[in-house]
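Novice: Need the 3D shape of this:
(one chain, ligands or ions: 1)
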Amino acid sequence: MTQVIRKLGIMGGTFDPVHYGHLVAAEGARREFGLDRVIFLPSGTPPHKDPREVTSAEHRYMMTVLATLSNPYFDVSRVDIDREGVTYTVDSLRILHEQYGDSTELYFITGADAILEIVSWKQPDKLLELAQFIGATRPGFSLDRVPKPMQEWLNKYPQRVHFIRVPALAISSTDIRERVKAGDSIRYLVPEPVEHYIRRHNLYRQSI
Ligand code: NAP
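Specialist: Numbers count the residues shown, from 1 in each chain. Alright, predicted model coming up:
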């Protein structure tokens, strides 16, 4: 019997590489918002990044699959990486909304810093019509530091944007890439299969 999905989490990120902070954030959001499932959505060609500075989508996808395999509530989507050209979140949400139908509520989860830029994304009002947003905050993050215009915009959608604290987000993908490049250990920062994958494919050894 197929499971009815009333609340679907969509964990958006570059995942270069995916790490325990992301996994703890997704699990925290799942439990706090009663999500039936969380789909990880590795980004394709994001509008705000130079594609030459991001590891290939297939490597990022594979690492995300390896990291999420053991959690029956997690899945990984190719919706962004199989799309040609620049991938905007509003288009990804439209596709997922069509796939799952009106009876499934969408919750887009990502880093709080990314969410604070949302007014500069394509069709920000449409984004909040299609999904609720959950910003996962790193230790030290404070909403008091959010610029006033952004705060006012967020106030327009009081029930649609939420923030959750994720102490494990002291881990960051940037730090992991730097550690690998410097020959330092990343043990216990990423799941073991991801660590093996990075080593086997010689990722992050030099600047991309
Ligand atoms: P980013 O700018 O690389 O990251 C911003 C911060 O958020 C970083 O500290 C990052 O830490 C953290 N972060 C990213 N994804 C996270 C997640 N799922 N959970 C917890 N922390 C996370 O962000 P990005 O990964 O490129 O973009 C985030 C999402 O926003 C993606 O789905 C992207 O497609 C979407 N986005 C859409 C638009 C648009 O439609 N115009 C524009 C920008 C972003 P780590 O490096 O450790 O992950």
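Novice: tell me which residues form a beta bridge with the residue of the chain found nearest the ligand?
Specialist: In the chain, no residue comes nearer to the ligand than Gly111, which is 2.0 Å away by CB to the nearest ligand atom. Where you see a C-beta, it was placed from the backbone N, CA and C, and this is true even at glycine. Judged by DSSP bridges, the bridge partners of Gly111 are Ala136.
Novice: Would you mind measuring from it to Ile171?
Specialist: Here the criterion is CB to CB, to the nearest Å. By it, Gly111 lies 12 Å from Ile171.
Novice: Same check on Val146?
Specialist: For Val146, the distance to Ile171 - CB to CB - is 23 Å.
Novice: more neighbours, these two?
Specialist: Ile171 (20 against 16; other CB atoms under 10 Å).
Novice: show me the contacts for that one.
Specialist: His19, Tyr20, Gly21, Leu189 (CB atoms under 8 Å, 6 or more residues apart in numbering).
Novice: can you give me the helices for the chain?
Specialist: With helices called from DSSP state H, the chain shows them at 20-33, 57-68, 89-100, 112-115, 124-130, 148-155, 173-182, 192-200.
Novice: May I see these arranged in TSV, with mean pLDDT, distance to Phe74 and mean neighbour count as well?
Specialist: Listed next are the helices of the chain as TSV, based on pLDDT from 0 to 100; distance: least, CB to CB, whole Å; neighbours: other CB atoms under 10 Å:
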stretch	mean pLDDT	distance to Phe74	mean neighbour count
helix 20-33	98	7	20
helix 57-68	97	4	21
helix 89-100	97	15	17
helix 112-115	93	20	18
helix 124-130	96	21	16
helix 148-155	87	28	13
helix 173-182	97	18	16
helix 192-200	98	14	16
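Novice: burial measure for the spatially closest residue to Ile134 that is not a sequence neighbour, as a count.
Specialist: Spatially, and ignoring its direct neighbours in sequence, Ile134 is nearest to Ile109 (4.4 Å; CB to CB, 6 or more residues apart in numbering). When neighbours are defined as other CB under 10 Å, Ile109 has 30 of them.
Novice: Model confidence for Ile109, exactly?
Specialist: Per-residue pLDDT puts Ile109 at 98.
Novice: Would you agree it is in contact with Glu27?
Specialist: No. Ile109 lies out of contact with Glu27 (CB atoms under 8 Å); the separation is 10.6 Å.
Novice: Overlap of the contact sets of those two?
Specialist: Contacts common to Ile109 and Glu27, judged by CB under 8 Å, 6+ apart, are Val38.
Novice: give the contact list for Val146.
Specialist: Leu116, Leu154.
Novice: Next one: it relative to Trp153, how far apart?
Specialist: For Val146 relative to Trp153 (CB to CB), the value is 10 Å.
Novice: Same check on Glu53?
Specialist: 29 Å.
Novice: Nothing else from me, thank you.
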